[in-house]
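Chemist: How does the following fold in three dimensions:
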Amino acid sequence: MKEIVIISGKGGTGKTSITASLAKVANTEAVAADCDVDAADMHLLLQPDFAYSEDFYSGVIAQIDQEKCIKCGKCKDVCRFKAISIINKQYVVAPLDCEGCGYCAQICPRDAISTPHQNVGNWYISSTRLDMPLVHARLGIGAENSGKLVAKVKNEAKALAKEKNIPFLLVDGSPGIGCPVISSLSGADFVVFVTEPTVSGLHDLQRVYELIAQFKLPAGCIINKADLNIEKTKLIKQFMQQYQIYELDDINYDEKFSEAVTNGYTAAEIDKEYEEKFKNIWKKIKKIVLEKK
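Modeler: A predicted model of the protein is given here:
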């Protein structure tokens with residue numbers, strides 16, 4: 001089973017729309033995994049049935065038992081994150097400020113503070129309208145540990161691909177270079193960058209390439225809206241040639257692309273030209289990945 005991760009240096013480049021179009025042409029050859037758990041939206045295009053759902057627990061938050069609390073104030077004094085305050089004469093923990101270090105529980109003289117594990121979201125295994133399975137998740141508002149939830153989604157998707165003998169795992173990674181992206185890249189065989197011809201697009205491509213270079217992963221690039229700034233497109237291609245990034249294809253600006261997404265479809269479904277374009281991209285990716293055995 002080969003793992004292909006699609007990422008971008010920033011949000012708004014069309015990464016998820018392009019991933020969904022590749023999922024459409026890959027069809028039964030791949031399991032899709034939406035690892036952009038902080039802002040998951042691949043389900044809007046694939047229309048999963050949420051057939052299997054499970055809570056995801058990660059991290060702890062301090063809780064104060066008001067009946068045991070003697071209001072000595074020691075917990076408030078030692079909390080370096082200022083997560084404990086006095087409200088209506090009671091010591092109260094602000095969940096968004098608590099880092100779960102447990103120091104307050106350690107020093108409480110009456111064992112009034114507990115640190116239970118938190119339900120920070122849900123993960124799902126779904127069938128989709130494209131006849132391809134999707135493993136995806138939803139992180140709770142303000143919840144942390146998105147990197148751990150990404151790892152959970154990927155591991156479940158890998159297990160599903162192996163169980164069903166499906167040869168490829170197609171991962172929609174998070175934008176940027178933070179913890180969720182690093183978690184998305186773990187175990188990858190090939191990385192696809194999605195960028196756009198702007199100053200920030202080139203800068204963020206350079207940034208994200210520096211990250212994947214640490215993993216020594218082969219990579220290809222799709223330039224979205226390539227015709228909007230020809231000079232920047234040329235600079236991006238020069239960067240790709242310099243660092244041996246495969247040129248997978250350019251996608252020119254087209255209102256039909258955004259109209260398809262607005263109506264809940266992939267670009268590969270609304271136009272024969274787009275269908276052939278994404279089939280060719282998928283063939284290129286498979287060829288590169290399989291040749292690097």
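Chemist: What residue spans form the domains of the chain?
Modeler: Using automatic domain parsing, the domain parsing of the chain gives 2-57+120-291, 62-115.
Chemist: among those domains, which is the most enclosed?
Modeler: With neighbours taken as mean count of other C-beta atoms under 10 Å, the domains of the chain reach their highest mean count in domain 2-57+120-291, at a mean of 19. Using the backbone N, CA and C atoms, a C-beta is placed for each residue, glycine as well.
Chemist: Quick check on Tyr52: phi, psi?
Modeler: Main-chain dihedrals, Tyr52, degrees, to the nearest 10: phi -120, psi 130.
Chemist: how about it, what does it touch?
Modeler: Shown in contact with Tyr52 (C-beta atoms under 8 Å, 6 or more residues apart in numbering): 124-126.
Chemist: for the residues you listed, which one is nearest Ala161?
Modeler: Ala161 lies nearest to Ile125 out of the contacts of Tyr52, by C-beta to C-beta, at 11.6 Å.
Chemist: OK, contacts around the closest one?
Modeler: So Ile125 contacts 51-52, 133-135, 156, 160 (C-beta under 8 Å, 6+ apart).
Chemist: Reformat the residues you listed as CSV; add distance to His203 and pLDDT.
Modeler: As requested, the contacts of Ile125 are exported to CSV (distance: C-beta to C-beta, whole Å; pLDDT from 0 to 100):
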residue, distance to His203, pLDDT
Ala51, 41, 95
Tyr52, 40, 96
Pro133, 36, 95
Leu134, 32, 96
Val135, 32, 97
Glu156, 34, 96
Leu160, 36, 96
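Chemist: And those residues, which two are furthest apart?
Modeler: Greatest spacing in the contacts of Ile125, by C-beta to C-beta: Ala51 and Glu156 (13.1 Å).
Chemist: if you look at the contacts of Tyr52, which of them are in helices?
Modeler: With helices taken from DSSP state H, there is no overlap with the contacts of Tyr52.
Chemist: Can you tell me which of these is nearest Phe278?
Modeler: Checking the contacts of Tyr52 one by one against Phe278 (C-beta to C-beta), the nearest turns out to be Ser126, at 21.7 Å.
Chemist: In strands, which of the contacts of Tyr52 fall?
Modeler: Assigned to strands by DSSP state E, the following of the contacts of Tyr52 qualify: 124-126.
Chemist: Redo those as JSON lines? Include distance to Phe257 and pLDDT.
Modeler: Putting the ones in strands among the contacts of Tyr52 into JSON lines (distance: C-beta to C-beta, whole Å; pLDDT from 0 to 100) gives the following:
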{"residue": "Tyr124", "distance to Phe257": "27", "pLDDT": "96"}
{"residue": "Ile125", "distance to Phe257": "29", "pLDDT": "97"}
{"residue": "Ser126", "distance to Phe257": "25", "pLDDT": "96"}
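Chemist: can you give me the helices in the stretch 101-250 of the chain?
Modeler: All helices of the stretch 101-250 of the chain, identified by DSSP state H, counting those that start in this stretch, fall at 103-107, 146-163, 179-185, 199-215, 230-242.
Chemist: check contacts around the closest residue to Asn252 other than its chain neighbours.
Modeler: Computed as C-beta to C-beta, 6 or more residues apart in numbering, the closest residue to Asn252 that is not its neighbour in sequence is Asp227, at 4.3 Å. Contacts of Asp227 were listed using C-beta under 8 Å, 6+ apart, and they are 233, 250, 252-253.
Chemist: What's the separation between Asp227 and Tyr57?
Modeler: Per C-beta to C-beta, to the nearest Å, Asp227 is found 47 Å from Tyr57.
Chemist: in a helix, that's where Tyr274 is, yeah?
Modeler: Yes - counting by DSSP: H, G, I helix; E, B strand; the rest coil, Tyr274 falls inside a helix.
Chemist: Per-residue pLDDT of Lys162, please?
Modeler: Here the pLDDT value assigned to Lys162 is 95.
Chemist: and what of Ser174?
Modeler: 84.
Chemist: what about it, distance to Ile84?
Modeler: In this view, Ser174 and Ile84 are 32 Å apart by C-beta to C-beta.
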